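Q: From the sequence below, what's the structure:
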Amino acid sequence: MSTTPTVTPELKALLRRVKLGRCLDTLPERLALASTGGMGHAEFLELVLADEVTRRENTSADRRAKTAGLDPAMTLDRWDDTAKITYDRAVWSELCSLRFVGAGHNAVIMGPVGVGKTFLATALGHAAIRRRISVHFERCDRLLKRLRASRLDNSHDVEIRKLLRVDLLIIDDFALQPMDSVDTADIYELIVERHRATSTVITSNREPVEWLGLMADPLLAQSAIDRLQSAAHELVLDGESYRQRQKPTVTDALDEPAPPRRSSRRRT
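A: Numbers count the residues shown, from 1 in each chain. Presented below is the predicted three-dimensional model:
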């Protein structure tokens, strides 16, 4: 009767010295598998190292997703496909392939409030991160406010260059509010300079024809939007509010630890 090899203190120390300490997370079960499955030495080593590669790739992807500004809960595998939301599945499938990023094309995701536009755009961002495509996600109003502030400390050109370099720029809630001449000029520069060189995903509650009326300079607006649309896949969502499916339940509340009680004694 074979016994599963144990992880000795010496082995633990050696793994940590060569920066493979995280292998200890799955090493016991891998040793058990090797013992019961008659696994060869090379096969076992390959399995353990594959675990470590996967761990490092996941850690790296999580770190880059956080830097990109992506919500960690909005990934493709967490999208509830049973939601009563209609959209063109063929267009969505094409976007999920990320071929549009390699081609320097764009995506415009439109629909009423709450149908999951931000979720799907963010999910595309996560998928791109996993393929080591650089991503930046930002809500439109915050992006424009940040660019406006950058003019005050002469960092505007630096900030614009960062946005131009990123492979996939995701601008959420576009044209929710009117844009003055400064905001319009920034949007124009981003869209025109990125045209067919890098990819932009935009989510909006409004249709492109409405965007024009919210931008201060009609000529810059028309030029920017025409370029954006000429290279864009359009995905239109409609249906019930997806946010209602994300509401906390009573069970969730009961599972949470109770907040600490405040002392009734008065401080003196």
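
Q: quick one: secondary structure of Ile171?
A: Secondary structure, DSSP: H, G, I helix; E, B strand; the rest coil: Ile171 is strand.

Q: burial measure for it, as a count.
A: By the measure other Cβ atoms under 10 Å, the count of residues near Ile171 is 23. C-beta: built from backbone N, CA, C; applies to glycine.

Q: So what sits opposite it in the bridge?
A: Glu138, Ile202 (DSSP bridges).

Q: For it, list the residues it contacts.
A: By Cβ atoms under 8 Å, 6 or more residues apart in numbering, the residues touching Ile171 are Glu138, Arg139, Cys140, Leu143, Thr200, Val201, Ile202, Thr203.

Q: which of those has the most neighbours?
A: Counting neighbours by other Cβ under 10 Å, Val201 comes out on top of the contacts of Ile171 with 29 neighbours.

Q: Can you give me the pLDDT of it?
A: Val201 carries a pLDDT score of 98 in this model.

Q: re earlier: how about the contacts of Ile171, which pair is most distant?
A: Spatially, the most separated pair among the contacts of Ile171 is Arg139 and Thr200, at 14.3 Å (Cβ to Cβ).

Q: From the contact counts, what lies against the longest helix seen in the chain?
A: Longest helix in the chain, counting residues (DSSP state H): helix 41-68. Helices and strands touching helix 41-68, by 3 or more Cβ pairs under 8 Å, 6 or more residues apart in numbering; DSSP states H and E, are helix 27-37, helix 117-130, strand 135-139.

Q: Identify, out of those, the most deeply packed stretch.
A: With neighbours taken as mean count of other Cβ atoms under 10 Å, the helices and strands packed on helix 41-68 reach their highest mean count in helix 117-130, at a mean of 23.

Q: and the angle from that one to strand 135-139?
A: Here the directions of helix 117-130 and strand 135-139 differ by 160 degrees (axes from the mean of the first three to the mean of the last three Cα atoms, to 10 degrees).

Q: elements contacting helix 117-130?
A: Using 3+ Cβ pairs under 8 Å, 6+ apart, the elements in contact with helix 117-130 are helix 41-68, helix 89-97, strand 106-110, strand 135-139, strand 168-172, strand 199-204.
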